[in-house]
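**Student:** Need coordinates for the following:
(one chain, ligands or ions: 1)
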Amino acid sequence: MMKYYYAPMEGITGHVYRRAHHSLFPGVDKYYTPFVTATHTHSFKQKEKYDVAPENNEGIPVVPQILARDPEDFLWAASYMADLGYREVNLNLGCPVGTVVKHGRGAGMLSDPENLDRFFDAVLGRWDQAGLSGVKLSVKTRLGMTEPSEWERLFAVYASYPLSEITVHARTREDAYRGVPRLDVYGEILEKYPSLPLVYNGNLFTKEDLALVKDRFPGTETFMLGRGLVADPALVRELRGGEPLGKKELRAFHDRLYADLSETMPGTAVVIGKMKEYWVHMGAMFPESAKQLKAVYKARTKVEYEGAVRVLFNTGRLAERKRSLY
Ligand SMILES: Cc1cc2nc3c(=O)[nH]c(=O)nc-3n(C[C@H](O)[C@H](O)[C@H](O)COP(=O)(O)O)c2cc1C
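**Tutor:** I've put the predicted structure just below:
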């Protein structure tokens, strides 16, 4: 049985988005939250607390993702999530942002596999004591910092701990989000560790992309999708054999998101700014509407924005999306 996860995306897949998506396009097996940071202060920012609060995630299969460096802080954060009722927490080992990496978090943790080993040893050694028995620990990792061959030492570490799932974004930190993911390297990992619970992630934008990866790696049954799902919110339904996205339902989804954000965010400018972050990805659904999309990006006021969106939906034609992985 194939499983599909919604990737964590900071600034994109917050609780308002998750609720709208889950209610209009049900069927995603898990939503990972954008990372929350476990700091020495052992407190989360208000925004992070809202994002994981159970009342904001009712009925949605959500997994909190934690960015950390110190075992102590990670255990605190994991216990916080367990107290809220979560039964899985995910460790971010991939965030490429400079300040994050500099502080030894995210992809920064990949630069020192021995330290990573000590991290898991300390965390899992005290897992039960911290009240976490019954809570799964999963990770989301890149292949390494600079060289894809770094995966060998990193996966030797992962393989020696009871991680519930290991999502592999098949790029290095240096690759950022560029180019085609390193499928050959993913294949090497799968070959060396056929029984690790790997989840494939990277550039799954269409049904054809998924078929290609599935074909090449029949051993993988679980896939995580990010940008492709933001562009086409119906992609998982289509992957499961359902109808491809229709223009009317994309409009309905847009309007729901816009309305919900307007209720929760302070001021039109902030809401429009946020909507434009979605359009960076959703715009790909209207490949023939460059001019109309430009008007959406340029809109400053509520009247301008709503007008530009109306024109785009009235005149635009949804893309026929084919293979994009190659
Ligand atoms: C805007 C943006 C925000 C992201 N935020 C996170 C994050 O909070 N945590 C994380 O592990 N990955 C984050 N990622 C990486 C995605 O989860 C995913 O690994 C990456 O986009 C590749 O998958 P895709 O090609 O399906 O988008 C982010 C990516 C983007 C583009």
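**Student:** Can you name the residues bridging to residue 3?
**Tutor:** Beta bridges link residue 3 to residue 222 when assigned by DSSP bridges.
**Student:** show me the contacts for it.
**Tutor:** Shown in contact with residue 3 (CB atoms under 8 Å, 6 or more residues apart in numbering): 29, 30, 221, 222, 223. Backbone N, C-alpha and C define where each C-beta goes, glycine included.
**Student:** for the record, mean pLDDT for the one helix or strand residue 153 maps to?
**Tutor:** In this structure, residue 153 is located in helix 151-158 according to DSSP states H and E. When the per-residue pLDDT values of helix 151-158 are averaged, the result is 98.
**Student:** and what of stretch 190-210?
**Tutor:** 96.
**Student:** and if you look at stretch 73-84?
**Tutor:** When pLDDT is averaged over stretch 73-84, the result is 98.
**Student:** Show me what counts as buried in that stretch.
**Tutor:** Applying a neighbour-count criterion of 16 or more other CB atoms under 10 Å, the buried positions in stretch 73-84 are 73, 74, 75, 76, 77, 78, 79, 80, 81, 82.
**Student:** Is residue 164 located within a strand, as I assumed?
**Tutor:** No - residue state for residue 164 (DSSP: H, G, I helix; E, B strand; the rest coil) corresponds to coil; a strand is not indicated.
**Student:** which residues does it contact?
**Tutor:** Contacts of residue 164 were listed using CB under 8 Å, 6+ apart, and they are 88, 136, 137, 138, 197.
**Student:** could I get the residues you listed as TSV with secondary structure and distance to the ligand?
**Tutor:** As requested, the contacts of residue 164 are exported to TSV (DSSP: H, G, I helix; E, B strand; the rest coil; distance: CB to the nearest ligand atom, whole Å):
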residue	secondary structure	distance to the ligand
88	strand	14
136	strand	17
137	strand	15
138	strand	11
197	coil	17
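**Student:** As CSV, the residues you listed with neighbour count would be great.
**Tutor:** Rendered in CSV, the data for the contacts of residue 164 read as follows (neighbours: other CB atoms under 10 Å):
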residue, neighbour count
88, 19
136, 15
137, 21
138, 19
197, 13
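**Student:** Quick check: residue 287 touching residue 293?
**Tutor:** No - taking contact to mean CB atoms under 8 Å, the distance of 9.5 Å between residue 287 and residue 293 leaves them out of contact.
**Student:** What is the neighbour count of residue 300?
**Tutor:** The burial count assigned to residue 300 is 11, neighbours taken as other CB atoms under 10 Å.
**Student:** That one: which element?
**Tutor:** Since the elements are taken from DSSP H and E, residue 300 ends up inside neither a helix nor a strand.
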